[in-house]
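Colleague: next one to model:
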Amino acid sequence: MPLDALCLAAVREELAGRITGMKIEKVQQPERDVVILALRGGGEPCRLLLSAGTGDARVHLTEHQFENPSAPPMFCMLLRKHLTGARITAVTQPQAERALVLDIQAPDALGIVSDKRLIIELIGRVSNIILADSERIIDCLRRIGGELSDKRAVLPGMLYRAPLPQEGKRDPYDVNEETWQELFHPRLENRSGKPAEATADKLLLSCFAALSPLICRELSWRAYGAVDYRIDEITDGGAALRGEFFSLMAAVRSAQFEPWRLMDSEGAPFDFSFVKILQYEGSLQPVRDGSFSEMLDSFYTLAAQRTRMRQRASAMLKTISSAHGRLARKLASQNEEIKKSREREDLRICGDLIMANMHLIGKGDAELIARDYYAEEDAMRSIALDTRKNPQQNAARYYKEYTKAKNAEKYLAEQITLGENEIAYLESVLSEIGRAEGERDLGEIRAELEQTGYIKGGRKSREKTPAAAPMRFISSSGLEITAGKNNMQNDTLTLKTAKKSDVWLHAQKTHGAHVIISCMGSVPDESSLHEAAVIAAYYSSARDSGKVAVDYAFAGNVKKQPGGRPGMVIYTNYKTIAASPDSEVIKKLAAGKR
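Modeller: Coordinates of the predicted model:
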């Protein structure tokens, strides 16, 4: 759902108490529509995310780490010029509007402080981030001229004008008993006319700005037990609906907000609101978050990251999926061939029976029917003959086919093993693409596929991009735990970085990260071992399982698989521990390293 004005009021209330008085230390623009402000002073450092994207426009604090582009966009450079070192003095919201304003005191190059405003408008396709002084626009993320909007232009140098109010809709903050009667009674009395807003929720939506369809349906459900209760069925003059509306607005005015997410049956976020949503009656599960920033970060940022990664990796996914499909078909064909080759004893028996019964074969015979001495019941066997060959030549033909089948079995067994290893490798690549968190991770996977010959190498840039670092954690007892993000990192960690006395972990019989506990010559404690197993389970293809078997051994017992692809190893003298993939444990261990 879009972030409606009332839910935004809850976000403003939370942010005002958290970031007012803090200084802007850094400005980043990792995505076209996303700006990150790193804040410090007056409290624990934090990062404020401003998004003007269509469908995901929002403002909230974020814990997510973004990759910056190699060259910052022009709008980012302008914000750095004006806002670095500036202090946020207030966070305000125009009443009933989907916009937030950060009032800022910003020093210039000479140290002279001036007042500026950073305005975040969350209005669908024209969402924007605007930097302005007391009157005029300095610049904006999305420039809107006359040809894009015949009502309101947003361009540098122009006077800033607030978004135009929605025509024909009232501000819900200004509604009292008298205005409620004026708005609703004419519509309630005109039931026979079948107005467009024939249900209570549509009636609310058509009368008021700032109310989202979700909230309008919730008010209807609370008042009449149905989200689409018809106006012509209302018998109380709208008293129940009026009571729910004024109760909601009283909670909003007194800042009684609660961050609630709605989760579907698979645990994926479906919607969110500032009040507990009851209308779905168990089909969706409401979950209360600790803060609105946590709620929005979980709902939007992580989902947006997964979508971006899928889009950016689509070409690689297509290549790997096609190669996987070809290998699977080839493997199926080879398994059929080896199955036939294992039936070669019949060929040898046919040759033996021809040699034993040559006296029964006449010139030009196409078939030999002879007693099968190899059968348990001494049955008769029919053997096809080549009429152009004599008995000795027919027997030789069967022996030759027998030898060929025997050699084929050995060759096919080798090819099937290679094919199975290659399919396992491709599945590991698909798994690591799913775990990629940024362009740098995808770049390393792309380099790996170039090295293994699955994609052609592109023109190399003169500037070397630094390799992505492996994931690092600190156990509850202070031991460093490292995990690879892809097969190349797995190889480096296990075969080059890890000491022989370090402990190596990997999810059993599935694809995933190689995890190393840096033991510094000592034996890791049970707590650290269990936490490392949780990391190995979480960063594996079995993440969605309840319990995952994780093998662990000393790194000295782990060797590169002979002729194996990157990330493929063999290990001995190992033990197994069960662990549950737990995101909360991962967050805690990741936080420990800071």
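Colleague: go ahead and confirm residue 561 touches residue 568.
Modeller: Yes. Between residue 561 and residue 568 there is a contact at 4.3 Å, judged by C-beta atoms under 8 Å. Just so you know, the C-beta spots here come from the backbone N, C-alpha and C atoms, and that holds for glycine as well.
Colleague: who has more neighbours out of the two?
Modeller: residue 568 (17 against 12; other C-beta atoms under 10 Å).
Colleague: the more buried one: what's it in contact with?
Modeller: Residues counted as contacts of residue 568 (C-beta atoms under 8 Å, 6 or more residues apart in numbering) are 421, 424-425, 428, 487, 560-561.
Colleague: so what's in contact with residue 561 and residue 568 at the same time?
Modeller: By C-beta under 8 Å, 6+ apart, the residues touching both residue 561 and residue 568 are residue 421.
Colleague: show me where the stretch 401-550 of the chain has strands.
Modeller: Assigned by DSSP state E, counting those that start in this stretch, the strands in the stretch 401-550 of the chain fall at 471-474, 480-483, 503-507, 515-517, 548-554.
Colleague: note down every partner strand of the third one and its orientation.
Modeller: Which is strand 503-507. On the basis of DSSP bridges, the sheet neighbours of strand 503-507 come out as strand 515-517 (antiparallel), strand 548-554 (antiparallel).
Colleague: so which elements touch the next helix or strand after the last one?
Modeller: Read that as strand 548-554. Tracing the chain past strand 548-554, the next element assigned as helix or strand by DSSP states H and E is strand 558-560. For strand 558-560, the packing partners by 3 or more C-beta pairs under 8 Å, 6 or more residues apart in numbering; DSSP states H and E come out as strand 569-571.
Colleague: partner strands of the strand it packs on, with direction?
Modeller: Strand pairing (DSSP bridges) places strand 569-571 next to strand 558-560 (antiparallel).
Colleague: which outside residues touch the partner strand?
Modeller: So strand 558-560 is contacted by 491, 494-495, 504, 568-571 (C-beta under 8 Å, 6+ apart).
Colleague: with pLDDT added, can I get the residues you listed in JSON lines?
Modeller: JSON lines is the format used below for the contacts of strand 558-560 (pLDDT from 0 to 100):
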{"residue": "491", "pLDDT": "91"}
{"residue": "494", "pLDDT": "93"}
{"residue": "495", "pLDDT": "92"}
{"residue": "504", "pLDDT": "95"}
{"residue": "568", "pLDDT": "90"}
{"residue": "569", "pLDDT": "92"}
{"residue": "570", "pLDDT": "93"}
{"residue": "571", "pLDDT": "94"}
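Colleague: tell me the buried residues within those residues.
Modeller: The neighbour count (16 or more other C-beta atoms under 10 Å) marks 491, 494, 504, 568-569, 571 as buried among the contacts of strand 558-560.
Colleague: show me where the stretch 201-350 of the chain has helices.
Modeller: In order along the chain, the stretch 201-350 of the chain carries the following helices (DSSP state H, counting those that start in this stretch): 213-224, 239-253, 292-296, 302-312, 314-341, 345-356.
Colleague: now do the third one: distance to the chain's middle.
Modeller: Think helix 292-296. 17 Å (C-alpha atoms, centre = their mean, to the nearest Å).
Colleague: output it in CSV with nothing but the alpha carbons.
Modeller: Provided in CSV are the C-alpha atoms of helix 292-296 (Å, rounded to 0.1, in the frame of the first residue of the first chain):
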residue,chain,number,x,y,z
PHE,A,292,7.6,2.4,12.2
SER,A,293,11.1,2.5,10.7
GLU,A,294,11.6,-1.2,11.4
MET,A,295,8.2,-1.9,9.8
LEU,A,296,8.9,0.1,6.7
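Colleague: for the buried ones among the contacts of strand 558-560, which one is nearest residue 587?
Modeller: Looking at the buried ones among the contacts of strand 558-560 and their distance to residue 587, the nearest is residue 504, at 23.7 Å (C-beta to C-beta).
Colleague: now that closest one: closest residue in space, sequence neighbours ignored.
Modeller: residue 555 (4.5 Å; C-beta to C-beta, 6 or more residues apart in numbering).
Colleague: in terms of contact, does the one you found touch residue 506 like I think?
Modeller: No. In this structure residue 555 lies outside contact range of residue 506 using C-beta under 8 Å: 11.3 Å.
Colleague: show residues contacting stretch 271-291.
Modeller: Contacts for stretch 271-291 (C-beta under 8 Å, 6+ apart): 1, 6-7, 9-10, 14, 61, 214-215, 217-218, 221-222, 227, 248, 251-252, 257-265, 270, 292, 295-296, 298-299.
Colleague: in a markdown table: the strands paired with strand 503-507, plus mean neighbour count, mean pLDDT and distance to residue 143.
Modeller: Shown next, in a markdown table, are the strands paired with strand 503-507 (neighbours: other C-beta atoms under 10 Å; pLDDT from 0 to 100; distance: least, C-beta to C-beta, whole Å):
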| stretch | mean neighbour count | mean pLDDT | distance to residue 143 |
| --- | --- | --- | --- |
| strand 515-517 | 28 | 95 | 48 |
| strand 548-554 | 20 | 94 | 51 |
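Colleague: tell me which residues of stretch 486-501 are tucked away?
Modeller: 486-494, 497-498.
Colleague: switch those residues over to JSON lines; also include distance to residue 92.
Modeller: Formatted as JSON lines, the buried residues of stretch 486-501 follow (distance: C-beta to C-beta, whole Å):
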{"residue": "486", "distance to residue 92": "45"}
{"residue": "487", "distance to residue 92": "50"}
{"residue": "488", "distance to residue 92": "49"}
{"residue": "489", "distance to residue 92": "46"}
{"residue": "490", "distance to residue 92": "50"}
{"residue": "491", "distance to residue 92": "53"}
{"residue": "492", "distance to residue 92": "50"}
{"residue": "493", "distance to residue 92": "49"}
{"residue": "494", "distance to residue 92": "54"}
{"residue": "497", "distance to residue 92": "51"}
{"residue": "498", "distance to residue 92": "54"}
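Colleague: which of those lies closest to residue 374?
Modeller: When these are compared against residue 374 (criterion: C-beta to C-beta), the nearest one is residue 487, at 50.8 Å.
Colleague: show me which of residue 555 and residue 506 is the more surrounded one.
Modeller: Using other C-beta under 10 Å as the criterion, residue 555 and residue 506 rank with residue 506 on top: 27 against 23.
Colleague: okay, and the beta partners of the more buried one?
Modeller: residue 551.
Colleague: could you list the domains of this protein?
Modeller: 5-140, 172-308, 321-431, 471-592 (automatic domain parsing).
Colleague: hmm, back to that, can you flag the weakest of the helices of the stretch 201-350 of the chain by average pLDDT?
Modeller: Among the helices of the stretch 201-350 of the chain, helix 302-312 carries the lowest mean pLDDT, a mean of 67.
Colleague: quick one: residue 168 from residue 208, how far?
Modeller: 10 Å (C-beta to C-beta, to the nearest Å).
Colleague: more neighbours: which of the two?
Modeller: The neighbour comparison of residue 168 against residue 208 (other C-beta under 10 Å) goes to residue 208, with 21 against 8.
Colleague: in the sheet, who's paired with the more buried one?
Modeller: residue 170.
Colleague: now it: how far from residue 109?
Modeller: 47 Å.
Colleague: what residues are up against residue 180?
Modeller: 242, 245.
Colleague: switch to numbering from 362
Modeller: Happy to do that; since the first residue is 362 now, the last one works out to residue 541.
Colleague: please give the element, helix or strand, for it.
Modeller: Going by DSSP H and E, residue 541 is in helix 538-550.
Colleague: looking at that helix now, give me its mean pLDDT.
Modeller: Per-residue pLDDT over helix 538-550 has a mean of 74.
Colleague: what does stretch 423-438 give?
Modeller: pLDDT averaged over stretch 423-438 gives 87.
Colleague: what separates it from the chain centre, distance-wise?
Modeller: Using C-alpha atoms, centre = their mean, the offset of stretch 423-438 from its chain centre is 20 Å.
Colleague: stretch 469-487 now?
Modeller: Worked out by C-alpha atoms, centre = their mean, stretch 469-487 lies 32 Å from the chain centre.
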